[in-house]
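Visitor: give me coordinates for this.
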Amino acid sequence: MTARHLPSTTTMQCFETAARHMSFTRAAEELSLTQSAVSKQVAQLEDYLQHKLFRRVRRTLVLTPEGSLYLTEVRKILAQIEMSANTIMTFSGHSEVLRVATLPTFGTRWLTRHLPAFFDAHPRISLNVTDRVEAFDLEQEDIDVAFFHGHGSWPNLECHKLFDEEVVAVGAPAYLEQQRPASAADLARCRLLHLSTRPDAWHRWFADQQLTTDSSYHGTRFETFQMLIRTVIAGGGVALVPRLLVDSELESGTLVLAWPHVLRGPNAYYLVYPEHLGELAKVRRFVSHILACAEADPPAERTSR
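Guide: Modelled structure (predicted):
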């Protein structure tokens, strides 16, 4: 195998620190090196990349376009190295790490309520929980277990359905009092807010009631339900959200139904994991815990309380 001559972590640290301070001198102070050493490391990096990373403007360092692009990549690399080092430093032969990915708002609103009981029951399993907005390749991203929303059939994944989804139109009481919608069709003149991964949600909600409108695809879009919900609470408009994500707000009156129609579709929430990981004890225990929680705490029961 041919040896690869790549920039060292020291070289990348010197570049990142100099870029953060826009000063070789301050970078040298932070890294406990001399100013000339930092300058030499950056110069060697520029020679390797065959691009200038900095230029001087009136005795001040500024990044070149190539430097700005490379800085983004270097920070990702250094963050991954730090994360990997921390994982090893905190590793214990008596514990295991389970890598879990969840839909952001689902994780905040439902999953977090059920994690403490898992911690108590399985103290030797540590979770590494990350957010994912859409379905992805678990093996490629080294994830053991994930929560997906969709049709329930993904290649090479074992899928367990947790519960169906009921989508409702919600708004802040003050905003709806101002708009006074007297019918489902009247919501078309309200400010419709959208989730970017569900661009056709309002179209399907209106069509489910045999209604059509030119405004169903128009309006501000958000990447996560969490930001969408907070904007609705602030009076920014009306939105379609799964009832399970706003049950507490509906119960407290912070949000109200803009119209009582409920949109039910083919998609649901699933717990998934690669088929070949199903025999791992840490995966089995987490799956069993989540399935028991879903059975004991379904959305319909919570929203009726």
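Visitor: tell me, how many residues neighbour K282?
Guide: With neighbours defined by other CB atoms under 10 Å, the count for K282 comes to 20. Backbone N, C-alpha and C define where each C-beta goes, glycine included.
Visitor: and it, how far is that from E295?
Guide: 21 Å (CB to CB, to the nearest Å).
Visitor: then Q35?
Guide: Noted for Q35: a distance of 64 Å to E295, by CB to CB.
Visitor: with adjacent residues omitted, what lies nearest to D214?
Guide: A188 (8.0 Å; CB to CB, 6 or more residues apart in numbering).
Visitor: assumed the one you found was part of a helix.
Guide: Yes - the assignment for A188 by DSSP: H, G, I helix; E, B strand; the rest coil puts it in a helix.
Visitor: tell me the contacts of it?
Guide: By CB atoms under 8 Å, 6 or more residues apart in numbering, A188 lies in contact with 206, 211, 213-216.
Visitor: the most centrally placed residue in the chain bridge partners, please.
Guide: By CA atoms, centre = their mean, the chain has its centre lying nearest to D131, at 3.2 Å. Note on D131: beta-bridge partners T102, judged by DSSP bridges.
Visitor: buried sites along stretch 115-126?
Guide: Residues of stretch 115-126 classed as buried by neighbour count (16 or more other CB atoms under 10 Å): 115, 118, 122, 125.
Visitor: what helix or strand does F148 sit in?
Guide: strand 145-150 (DSSP states H and E).
Visitor: for that strand, list the C-alpha coordinates in CSV.
Guide: The C-alpha coordinates for strand 145-150 follow below in CSV (Å, rounded to 0.1, in the frame of the first residue of the first chain):
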residue,chain,number,x,y,z
VAL,A,145,-31.0,2.3,15.8
ALA,A,146,-33.0,5.1,14.3
PHE,A,147,-36.5,6.5,14.4
PHE,A,148,-38.0,7.0,10.9
HIS,A,149,-41.3,8.5,9.6
GLY,A,150,-42.6,6.9,6.4
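Visitor: same for the helix or strand following it, what does it pack against?
Guide: In the C-terminal direction, the helix or strand that comes right after strand 145-150 (DSSP H and E) is strand 157-171. If you count contacts as 3 or more CB pairs under 8 Å, 6 or more residues apart in numbering; DSSP states H and E, strand 157-171 packs onto strand 145-150, helix 201-207, strand 238-242, strand 256-274, helix 281-296.
Visitor: tell me the mean pLDDT for the second one?
Guide: When you say that, I think you mean helix 201-207. Computed over helix 201-207, the mean pLDDT rounds to 96.
Visitor: continuing past it, what's the next helix or strand?
Guide: That would be, after helix 201-207 and using DSSP H and E, strand 221-222.
Visitor: pairing partners for that following strand, with directions?
Guide: strand 192-195 (parallel).
Visitor: looking at Q35 and E295, which has the bigger crowd around it?
Guide: Q35 (15 against 10).
Visitor: contacting residues around the more buried one?
Guide: By CB under 8 Å, 6+ apart, the neighbours of Q35 are 24-25, 28.
Visitor: where does the stretch 201-305 of the chain have low pLDDT?
Guide: Within the stretch 201-305 of the chain, the segments meeting pLDDT under 70 span 300-305.
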